[in-house]
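In: I need the structure of the sequence given here:
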Amino acid sequence: MNKGSKTRLKKGDQVIVLSGKDKGKRGRILKVLPKEDAVLVERINLVKRHTKQSKTDAAGIVEKEAPIHKSNVMFYDPIAGRGTKIKMKVLEDGKRIRISSRTGEAV
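Out: Alright, predicted model coming up:
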């Protein structure tokens with residue numbers, strides 16, 4: 001495993017899946033895992049886990065999201081209606097913002 005690299009995807013971003021069993025599906029990012037270069041996407045890449053009974057939860061089979069490598073998802077631009085790359089732009093005051101490559105709008 002590598003030490004992780006910077007990602008332009010953030011928690012809450014809408015993404016589209018590029019490959020795998022959920023190809024073409026869209027969802028919101030629940031969590032970014034920079035050390036693994038992965039993201040957790042809402043209702044995407046669901047796996048079943050057998051859980052033991054605890055004081056608060058009953059035993060059973062639970063479906064939960066598994067991480068997806070960040071290269072297999074792309075930011076979804078609602079203006080363009082499809083996936084797009086994200087560029088960074090530095091404003092005059094030194095603030096960095098994310099820009100959609102397809103539309104040029106801030107995200």
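
In: Adjacent strands (with direction) for the longest strand along the chain?
Out: Among all segments of the chain classified by DSSP state E, the strand with the greatest residue count is strand 26-33. Its sheet considered, strand 26-33 pairs with strand 14-17 (antiparallel), strand 38-41 (antiparallel) by DSSP bridges.

In: Give me the distance between the residue nearest the centre of the chain and Ile44.
Out: When Cα atoms, centre = their mean is applied to the chain, the residue found nearest the centroid is Ile29 (3.9 Å). Computed as Cβ to Cβ, to the nearest Å, the Ile29 to Ile44 distance reads 10 Å. C-beta: built from backbone N, CA, C; applies to glycine.

In: pLDDT value on the spatially most distant residue from the centre of the chain, please?
Out: For the chain, the residue at maximal distance from the C-alpha centroid (Cα atoms, centre = their mean) is Lys55, at 32.0 Å. Lys55 is assigned 95 on the pLDDT scale.

In: if we can go back for a sec, wait, isn't the residue nearest to the centre of the chain in contact with Lys11?
Out: Yes: shown here, Ile29 and Lys11 form a contact pair, counting by Cβ atoms under 8 Å, at 5.4 Å.

In: quick one: common contacting residues for those two?
Out: Residues within reach of Ile29 and of Lys11 at once, by Cβ atoms under 8 Å, 6 or more residues apart in numbering: there are none.

In: That concludes my questions; thank you for your assistance.
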